[in-house]
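In: Okay, predicted coordinates and the sequence, questions at the end:
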Amino acid sequence: MFLGIVVLFIGIILIILGSVLGTEKGKVEVGFGGFIGPIPFGWASDPKMLKWIILASVVFFVGFILLFVLNRF
């Protein structure tokens, strides 16, 4: 539980730093991935980023399945 809280605070700090430091007037890309039930999905403003998001979602899905199967024994 402690590790989850630490990861949460690191994420919040990174978001704050990103908004404060900002970027120069360059291109900003956005992406999001997750699961609906067992099906991974993703959305992104760049096709290259979408491929990485879907790949990461599939890797997490396989990892969850392996953890579930290995935990049963």
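Out: The structure has been received and is ready for your questions. Only a predicted model underlies this, so the values are computations on that prediction, with no experimental measurement involved.
In: okay, CA-based contacts and neighbour counts for the rest of this
Out: OK.
In: can you list the residues that contact the longest helix along the chain?
Out: Among the segments of the chain that qualify as a helix by DSSP state H, the longest is helix 47-71. Helix 47-71 is contacted by residues 31, 32, 33, 34, 35, 38, 40, 41, 42, 43, 44 when judged by Cα atoms under 8 Å, 6 or more residues apart in numbering.
In: When you filter those down to buried only, what's left?
Out: 33, 34, 40, 41, 42, 43, 44 (16 or more other Cα atoms under 10 Å).
In: For these, work out which two are farthest apart.
Out: Maximum pairwise distance among these (Cα to Cα): 13.8 Å, between 40 and 44.
In: returning to what we had before: pipe the contacts of helix 47-71 into JSON lines and attach pLDDT and secondary structure per row.
Out: As requested, the contacts of helix 47-71 are arranged in JSON lines below (pLDDT from 0 to 100; DSSP: H, G, I helix; E, B strand; the rest coil):
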{"residue": "31", "pLDDT": "87", "secondary structure": "strand"}
{"residue": "32", "pLDDT": "85", "secondary structure": "strand"}
{"residue": "33", "pLDDT": "85", "secondary structure": "strand"}
{"residue": "34", "pLDDT": "82", "secondary structure": "strand"}
{"residue": "35", "pLDDT": "82", "secondary structure": "strand"}
{"residue": "38", "pLDDT": "77", "secondary structure": "coil"}
{"residue": "40", "pLDDT": "78", "secondary structure": "strand"}
{"residue": "41", "pLDDT": "80", "secondary structure": "strand"}
{"residue": "42", "pLDDT": "84", "secondary structure": "strand"}
{"residue": "43", "pLDDT": "87", "secondary structure": "strand"}
{"residue": "44", "pLDDT": "89", "secondary structure": "strand"}
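In: Could you export these as CSV, including distance to residue 15?
Out: Formatted as CSV, those follow (distance: Cα to Cα, whole Å):
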residue, distance to residue 15
31, 15
32, 15
33, 17
34, 19
35, 23
38, 28
40, 24
41, 23
42, 20
43, 19
44, 18
